[in-house]
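1. just need the structure, nothing else, for what follows:
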Amino acid sequence: MAVVTTKAIVLSSLKYGDTSLIVKCFTLQEGVKSYMIKGVLKAKKGKLKPAHFQPLTQLQIVASHSNKSSLHSIKEVQVIHSYETIYASVVKQTIVMFLSEVLSTIIQEEEENLSLYQYVETSLIWLDTHDTIANFHLLFLLNLSKYLGFYPDASEAEKKAFNLQEGRFTDMVYEKGNLSSKEMILFKSLLGINFDAIHSVSYSKKERQIILRIIIQYYELHLEGFRKPKSLDVLETVFS
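-> As a prediction, the model looks like this:
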């Protein structure tokens, strides 16, 4: 049993029995860890509150990590970045719900990944502090692929088509698995930009849906076991 003090981002929270939660976190020091938070749903005076474990909340935790169990315990918790707008906005809440489901599926390793952690951390702070966020989830997922090892190769972006399976541009316009010209133009418009440039791209609701479906398909091709998120339909409804 080791006591660890680390930053942690909540990926998911599942009710266990009538009073407890099983919380999955992406920790800075040790990757993904799951915690049993006993009695948190009934305790009125305890240090740990259910509000601490909302999706993608950023915490500093003191935890006991066991070598013998996959479920660990949290002794102390502190919210590091208290979001000002995310929980007050239906749109931002829906984005967070969607991204927490995606991240919970993708991030499995129980080891430190500093660059990935910092990307998720700073992206969420950007989301909380900006208003032009209709394309945030698209750029978040596309740039997330950098940290997962399959960001599109844009070195030959002047070519006429993009092959999703190979993750690169090609001149084989009608080859199976290639995006149509319209799809490719939409997809290409997100390549190489960061969140501060997100206002420079403008999409219709239909175009936004097309791009998101392309990115989901791209993930399915490059991540074994990745499936279309259940919250995708809710997200698309909010933006429709």
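2. whichever strand or helix holds residue 77: what's the following helix or strand?
-> Under the criterion of DSSP states H and E, residue 77 resides in strand 71-79. Elements were assigned by DSSP H and E; along the chain past strand 71-79, the next helix or strand is helix 90-106.
3. residues contacting that following helix, please?
-> By CB atoms under 8 Å, 6 or more residues apart in numbering, the residues outside helix 90-106 that reach it are 10-12, 24, 26, 55-56, 85-87, 120, 124, 127-128, 133-134, 136-137, 140-141, 144, 148, 223, 225-227, 229-232, 234-235, 238-239. Quick note: C-beta positions are derived from backbone N, CA and C, even for glycine.
4. is residue 64 in a bridge, and if so with what?
-> The residues paired with residue 64 through beta bridges, assigned by DSSP bridges, are residue 3, residue 73.
5. break this structure into its domains for me.
-> The record assigns the chain these domain ranges, following automatic domain parsing: 2-79, 86-238.
6. CSV for those domains, including mean neighbour count and mean pLDDT?
-> Converted to CSV, these look like this (neighbours: other CB atoms under 10 Å; pLDDT from 0 to 100):
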stretch, mean neighbour count, mean pLDDT
domain 2-79, 17, 93
domain 86-238, 16, 93
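7. related to what we said a few turns ago, can I get the strand holding residue 77 as CSV, trimmed to CA atoms?
-> Taking C-alpha atoms only, strand 71-79 is exported to CSV below (Å, rounded to 0.1, in the frame of the first residue of the first chain):
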residue,chain,number,x,y,z
LEU,A,71,-9.9,-0.6,-6.5
HIS,A,72,-8.1,2.0,-4.4
SER,A,73,-9.1,4.6,-1.9
ILE,A,74,-9.0,8.4,-1.7
LYS,A,75,-8.1,10.1,1.7
GLU,A,76,-8.2,13.7,0.7
VAL,A,77,-9.4,15.7,-2.3
GLN,A,78,-9.2,19.3,-3.5
VAL,A,79,-10.6,20.8,-6.7
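8. which residues sit against that strand?
-> 3, 22-23, 33-38, 47-48, 52, 57-66.
9. filter those residues down to just the ones in strands.
-> The strands in this structure, assigned by DSSP state E, contain 3, 22-23, 33-37, 58-65 from the contacts of strand 71-79.
10. closest one of these to residue 160?
-> For residue 160, the closest of the ones in strands among the contacts of strand 71-79 turns out to be residue 58, at 42.7 Å, with distances computed as CB to CB.
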